[in-house]
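Engineer: sequence below, structure please.
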Amino acid sequence: MMQVPWITYEANRFLNYIIKPTMRVFEWGAGASTLYFCKHAASVVSIENDKVWLGNVAQNLRSLGLTNCELHLIEAEAGRITVNKDPYWPDNFFQPDVKNEFINSNFRHYACAIDRFPDEHFDIVMVDGVARGGCMKHAAPKLKTGGYLIWDNSDRLYDNKYTVGLFREWDRVVFWGYGPINDYKWETTIWRKLKEKMP
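Structural biologist: The predicted model follows:
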């Protein structure tokens, strides 16, 4: 498994610039990013919904001798949540899937996994898993002022329908282009949490 996050190349260059060895990281979606963060940050909490993939990541961590990661498997729960009639409302914790694998499921516990930590706890939060709208909403208070929220595939309309407005007072950089694995362009957005907008 490569040790470069599967975000756009330009976003990776920015991440290399901001990452510090003292940082605490939380991520939804384990993978190459987990290996990267474990090598460059103090601690990592990684949430994954796929048991087989999580086992693969755990094996890679062991082979590299990386021990500063908490890996947690939180799978889909049975039953749809309908807080709002639009399934993509963040509090519905819905994940669209081409195979309809999750059509009658929700990811409430997955998205809320960050809630057990104090507010302003993490320096970086990466959203690159399932039910990203719900994850984004729960990430905001747990990120330190001055910290960075990384949202991959931010060009997906169903993901950013409601959550993009939560961060309108934060600094934002959008990275559009190619990245690892894929042969097409996509978007990664990185926000810096501010108390108020910089002039």
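Engineer: hey, let's count contacts and neighbours off CA atoms from now on
Structural biologist: Fine.
Engineer: just the pLDDT for the residue most central in space within the chain.
Structural biologist: For the chain, the residue whose C-alpha lies nearest the mean C-alpha position (C-alpha atoms, centre = their mean) is V127; its distance is 1.4 Å. Looking at V127, its pLDDT reads 97.
Engineer: just how off-centre is stretch 124-136 within its chain?
Structural biologist: Averaging C-alpha positions (C-alpha atoms, centre = their mean, to the nearest Å) puts stretch 124-136 4 Å from its chain's average.
Engineer: ranking helices and strands of the chain by mean pLDDT, which lands last?
Structural biologist: Least confident helix or strand of the chain, by mean pLDDT, DSSP states H and E, is helix 157-163 with a mean of 79.
Engineer: for F175, helix, strand, or coil?
Structural biologist: The assignment at F175 comes out as strand when based on DSSP: H, G, I helix; E, B strand; the rest coil.
Engineer: what number of residues lie near the nearest residue to it once chain neighbours are set aside?
Structural biologist: Nearest non-adjacent residue to F175, counting by C-alpha to C-alpha, 6 or more residues apart in numbering: T188, 5.2 Å away. Neighbour count of T188, defined by other C-alpha atoms under 10 Å: 24.
Engineer: what sits against T188?
Structural biologist: Taking C-alpha atoms under 8 Å, 6 or more residues apart in numbering, we find T188 in contact with I7, T8, A11, I150, W151, D152, N153, S154, D155, V174, F175, W176.
Engineer: what about those residues, which one has the most neighbours?
Structural biologist: Most neighbours among these, by other C-alpha under 10 Å: I7, with 27 neighbours.
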